[in-house]
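*Asks:* turn this into a structure:
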Amino acid sequence: MVLWYIIRVRILMKECVLTNIIVGLDIGTSFTRAVIGEADDEGNVEIIGVAKKASTGLRKGIIVNIEATIACIKETIEEAEQKAGYEVFSCVTGIGGTQVEGLNSRGLVAVSSRGKSNREINHSDVDRVLEAANAVQIPIDRKMLHVIPQDYIVDGVPGYKDPVHMIAVRLEAEVHIVTASRTAIQNITQCVERAGYQLDRVMLKTLAATQVVVSEDERELGSILIDVGGSTTDILVILKDAPICTASIPLGGNAVTNDISIVKSIATATAEKIKIESGSCWMPFAMRRNDEVLIPGIAGRGPEQTDRVSLCEIIMPRMEEIFTMVREVVSLRTGVTQLAGSIVLTGGGAQIEGAVELAEKVFGTSAVRLGIPGKWGGIEEEYRLPEYATAVGLVVANKNLVQMKGKKDRRRREPDRDKDTGDSLWQRIKKSFF
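*Replies:* Numbers count the residues shown, from 1 in each chain. I've put the predicted structure just below:
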């Protein structure tokens, strides 16, 4: 009897383990990336699995082929599982592109009633003022994704990051609200669930990326995160440790590829390969190493020779156009002409040679750098690239999601077994920024 009890307890302990696994899934127009992280009790994260697959079911950041997207998600996560050695059952994913919009709002509540003595602001007052701030009319086809506090104003005095315990008559809050297409969120949810995974959260991509590529000082001084994707370039402007502008422009790295394809009369896949291997968007770099580039022939046409300078003459104008459009959007929507922080470039499109130097020219500042995720353990050369900023950021930003789950949420992958077919959201994001 005692032996049976001991065996039963050991089985139950094995089946109910503390799940510290987080999966960040970045579904992009050109590529889908998955990063698996493991968090310890102190909140430290270690990256244990990374995978990347070409996307086949998206156009301009929007899912247009459900079945192809499902297959891509499944293949990407399974490859990351093999590297991590764990079978996972849920993930966090991001959303971006033109289907996301941001706006600023303000709310006001009374803390003390007339005729009564002033009292301290409590957490209930903070909840009420945030509810008042997000009481804005949004179209029925859109869903509120994030409500992020920017500043609290106590009796007309701004600059409070945490107003709790302050004596006051009234409390105001300025917030940044992020909304997304309801249909887009539903399609993402459907694809993830039909791939066999539970979707824990959908998060703004640029907001996730800031967690791993923008420092606390840069967020306080004011910085711009520019995520150059395949078909879109997403923008997040942060000032005083909170976002003030969310935007996107319908141009990305694929526009550069298409330009090369049209000018050189070659297939898109060939143009993409040439762009990655020999492309540059900064003429001094291209002239310094003006190597010859072989362009394979198609339809019986013989191969042709070109050089890096000729390619740069195609690539540089398009990249300059993208950065110029970003500058104009930021200036128009924020009224800010200069920030004391940095301009941080992420995404696969930012990895082209000379992107930093060209951005310095367009924005008129030397405070431009690539957004490379920090060292989170594992095989660092796999994920310490600008293109993995979102996926790694999704893991780090959601490390507090780990909780006690049953065996269905985490199982040690067997080598010979294949896979079969708190706080509210705004509070968690607020803690990340303040």
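
*Asks:* pLDDT weak spots in the stretch 201-350 of the chain?
*Replies:* Across the stretch 201-350 of the chain, residues meeting the criterion (pLDDT under 70) sit at 299-300.

*Asks:* return the residues in contact with the residue lying closest to residue 282 once chain neighbours are set aside.
*Replies:* In space, not counting the residues next to it along the chain, residue 282 is nearest to residue 354; the distance is 2.6 Å by Cβ to Cβ, 6 or more residues apart in numbering. Backbone N, C-alpha and C define where each C-beta goes, glycine included. For residue 354, the residues meeting the contact criterion (Cβ atoms under 8 Å, 6 or more residues apart in numbering) are 280-282, 285-286, 312, 316.

*Asks:* turn those residues into TSV, including neighbour count.
*Replies:* Output for the contacts of residue 354, formatted as TSV (neighbours: other Cβ atoms under 10 Å):
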residue	neighbour count
280	26
281	28
282	22
285	16
286	24
312	24
316	20
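
*Asks:* what's near enough to touch the most centrally placed residue in the chain?
*Replies:* With the centre of the chain defined as its mean C-alpha position, the nearest residue by Cα atoms, centre = their mean is residue 205, 2.4 Å away. Residues in contact with residue 205, defined by Cβ under 8 Å, 6+ apart, are 26, 94-96, 227, 234, 390.

*Asks:* what about the helices in the protein?
*Replies:* Listed in chain order, the helices of the chain (DSSP state H) span residues 2-15, 66-84, 123-133, 182-194, 205-213, 216-221, 253-264, 268-278, 283-288, 308-334, 355-363, 380-383, 389-397, 425-433.

*Asks:* out of those helices, nearest to residue 101?
*Replies:* Distances from residue 101 to each of those were compared using Cβ to Cβ; the minimum, 10.7 Å, belongs to helix 308-334.

*Asks:* so residue 181 sits right up against residue 99, yeah?
*Replies:* Yes - contact criterion Cβ atoms under 8 Å: residue 181 and residue 99 qualify, at 4.1 Å.

*Asks:* how close does the closest residue to residue 297 other than its chain neighbours sit to residue 147?
*Replies:* Using Cβ to Cβ, 6+ apart and skipping residues adjacent in sequence, the residue nearest residue 297 is residue 303, 4.8 Å away. Per Cβ to Cβ, to the nearest Å, residue 303 is found 56 Å from residue 147.

*Asks:* the contacts of residue 354: which two are farthest apart?
*Replies:* Among the contacts of residue 354, the pair separated by the greatest distance (Cβ to Cβ) is 285 and 316, at 10.2 Å.

*Asks:* tell me which of the helices of the chain lies nearest to residue 374.
*Replies:* Relative to residue 374, the nearest member of the helices of the chain by Cβ to Cβ is helix 205-213, separated by 6.0 Å.

*Asks:* got the angle between the closest one and helix 389-397?
*Replies:* Inter-element angle recorded for helix 205-213 and helix 389-397: 70 degrees (by axes from the mean of the first three to the mean of the last three Cα atoms, to 10 degrees).

*Asks:* buried stuff in stretch 56-64?
*Replies:* Buried residues in stretch 56-64, counting neighbours by 16 or more other Cβ atoms under 10 Å, are found at 57-58, 60-63.

*Asks:* where does the stretch 1-150 of the chain have low pLDDT?
*Replies:* Across the stretch 1-150 of the chain, residues meeting the criterion (pLDDT under 70) sit at 1-19, 113-117.

*Asks:* residue 350 touches residue 368, doesn't it?
*Replies:* No - counting by Cβ under 8 Å, no contact exists between residue 350 and residue 368, whose distance comes to 10.2 Å.
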